[in-house]
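Engineer: quick one, fold the following:
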Amino acid sequence: DFSLRTEIAPAIEAAAAHPVALRILSFDRTLGQLEFALQHAEQLDCFGNLATAAAALVNELLEARDEKRLLRLQRQLAAYKLLVIDELGYVPLSQTGAELLFEVFSQRYERGSTIVTSNLPFDEWTGVFASERLTGALLDRLTHHVHILEMNGDSYRLKQSKRRPRGARVTTIPDSPLEE
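Structural biologist: Down below sits the predicted model:
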């Protein structure tokens with residue numbers, strides 16, 4: 001969607017130009033925009049970036065802690081010029097996972113640009129982080145230097161599937177395995 005992309009591009013450019021600024025992109029069922037954001041960041045020559053799903057990052061942090069390499073991973077995450085954390089809120093986090101993710105945000109606070117995509121409003125983040133205190137402290141850091149793009153649109157994938165010819169959308173799957 002062109003109008004959506006014209007809103008995202010300036011946020012990416014600002015994040016690349018001001019490494020201390022923190023940027024949040026909030027997507028509500030507007031899929032495919034993160035890919036655009038990352039392509040735009042690459043066009044700006046912002047290498048030294050990492051894009052990852054929130055759940056994958058938390059799993060990586062937990063594994064690093066178990067393997068005694070957490071400090072090395074935390075230093076690596078803090079050093080990225082731009083860190084994109086996608087799909088925050090799709091999966092609730094364990095208490096330990098939430099604390100480790102909080103540490104990532106804290107270590108990057110006022111040091112590096114961070115883009116967070118989520119389909120949840122801030123008042124529902126407590127369900128993800130399972131602690132009002134932790135969520136409050138996190139939101140305090142995230143919203144201090146922030147540019148929020150709140151986009152409430154139709155799902156990009158849903159729009160595409162509705163455009164396909166009617167016969168192409170339906171596939172019949174038998175109820176039981178084929179008999180020989």
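Engineer: quick one: the strands in this structure?
Structural biologist: Assigned by DSSP state E, the strands in the chain fall at 24-28, 49-53, 82-88, 113-118, 148-152.
Engineer: sheet partners, orientation included, of the third one?
Structural biologist: Read that as strand 82-88. Sheet pairing of strand 82-88 (DSSP bridges) gives strand 49-53 (parallel), strand 113-118 (parallel).
Engineer: ok, of these, where does mean pLDDT dip lowest?
Structural biologist: When the strands paired with strand 82-88 are ranked by mean pLDDT, strand 49-53 comes last with a mean of 81.
Engineer: how about the CA coordinates for that one, as PDB?
Structural biologist: C-alpha atoms of strand 49-53 as PDB (Å, rounded to 0.1, in the frame of the first residue of the first chain):
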ATOM      1  CA  ASN A  49      21.400  -4.400  11.200                       C
ATOM      2  CA  LEU A  50      19.500  -7.400  12.700                       C
ATOM      3  CA  ALA A  51      15.900  -8.300  12.100                       C
ATOM      4  CA  THR A  52      14.400 -11.000  14.100                       C
ATOM      5  CA  ALA A  53      11.100 -12.200  15.500                       C
END
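Engineer: average pLDDT across stretch 148-157?
Structural biologist: Per-region confidence: stretch 148-157 scores 66 on mean pLDDT.
Engineer: then stretch 61-69?
Structural biologist: On average, the pLDDT along stretch 61-69 is 98.
Engineer: restricting to C-alpha, output stretch 99-113 in CSV.
Structural biologist: The C-alpha trace of stretch 99-113 is given here as CSV (Å, rounded to 0.1, in the frame of the first residue of the first chain):
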residue,chain,number,x,y,z
GLU,A,99,13.6,-10.2,31.6
LEU,A,100,16.3,-11.1,29.1
LEU,A,101,14.4,-9.1,26.3
PHE,A,102,14.0,-6.2,28.7
GLU,A,103,17.8,-6.2,29.2
VAL,A,104,18.3,-6.0,25.4
PHE,A,105,16.0,-2.9,25.3
SER,A,106,17.7,-1.4,28.3
GLN,A,107,21.2,-1.9,26.9
ARG,A,108,20.2,-0.3,23.6
TYR,A,109,18.3,2.6,25.3
GLU,A,110,19.7,5.9,23.9
ARG,A,111,22.5,4.0,22.2
GLY,A,112,21.0,2.4,19.1
SER,A,113,17.9,2.5,17.0
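Engineer: cool, thanks, talk later.
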